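Participant: Provide a 3D model corresponding to the input given below.
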Amino acid sequence: MLKTLGATMLARDWFGELRWKVTCIAKVEEVIKAMRLKVGAHGQKFDAIGKGGGSDVSDAAIAIAEAEIKLDEMRAKVEPEIETATAVLYGLSGRGGLAKQRCSADTDCILGYYVMGMSWHEVACEMVKPDSRDAEQWCKRRAYRALAALDEYDWRELINS
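Facilitator: Down below sits the predicted model:
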């Protein structure tokens with residue numbers, strides 16, 4: 001169990017919260033992309049501008065700029081958690097962590113679903129043959145078992161292994 005802010009948290013809960021944050025970021029990215037397409041600003045990144053009266057296009061540009069600022073703030077908040085998760089799974093060296101203690105396929109399933117925000121189907125396509133009948137269930141079982149095992153480890157030791 002992870003001890004954080006004086007409380008204990010199960011690995012599955014901690015990684016679940018991380019997944020929620022990562023998928024929220026992906027949704028905001030999609031909204032910004034749709035906003036850009038609507039105003040025809042395909043690759044342009046807007047700078048923050050003050051609010052004021054203006055055309056629909058300038059109002060849209062302001063809304064996009066504000067959404068991009070919010071997105072940058074969201075990314076900045078979640079990046080340390082992503083780094084921690086990756087270090088727990090693979091160690092600071094990239095050759096340790098939970099992957100060293102268990103099969104790396106277990107940690108790869110956790111990484112794909114919880115840290116990268118992929119669907120179980122996408123994880124299965126990365127891990128095993130996409131046409132395999134039970135590929136998604138296989139990935140889920142591996143990840144759930146690894147998360148349960150993770151509760152038995154001191155995360156600091158995994159990070160430094």
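Participant: wait, what's in contact with residue 109?
Facilitator: Residue 109 sits next to 123, 127, 139, 140, 142, 143, 146 when contact means C-beta atoms under 8 Å, 6 or more residues apart in numbering. In short, each C-beta sits where N, CA and C put it, glycine included.
Participant: so where is this protein shaky, pLDDT-wise?
Facilitator: Scanning the chain for pLDDT under 70 picks out 1-7, 41-57, 129-131.
Participant: What helices and strands are in contact with the longest helix along it?
Facilitator: Secondary structure of the chain per DSSP state H: the longest helix is helix 56-90. With contacts taken as 3 or more C-beta pairs under 8 Å, 6 or more residues apart in numbering; DSSP states H and E, helix 56-90 sits against helix 11-39, helix 97-101, helix 104-110, helix 155-160.
Participant: Just list what the last one packs against, helices and strands only.
Facilitator: Under the contact criterion of 3+ C-beta pairs under 8 Å, 6+ apart, helix 155-160 touches helix 56-90, helix 97-101.
Participant: now the longest one
Facilitator: Secondary structure elements in contact with helix 11-39, counted by 3+ C-beta pairs under 8 Å, 6+ apart, are strand 2-4, helix 56-90, helix 135-150.
Participant: If we use 7 Å, what do you get?
Facilitator: Contacts defined by 3 or more C-beta pairs under 7 Å, 6 or more residues apart in numbering; DSSP states H and E place helix 11-39 against helix 56-90, helix 135-150.
Participant: Give the buried residues for it.
Facilitator: Residues of helix 11-39 classed as buried by neighbour count (16 or more other C-beta atoms under 10 Å): 11-12, 14-15, 18-19, 21-22, 25, 28, 32, 35-36, 39.
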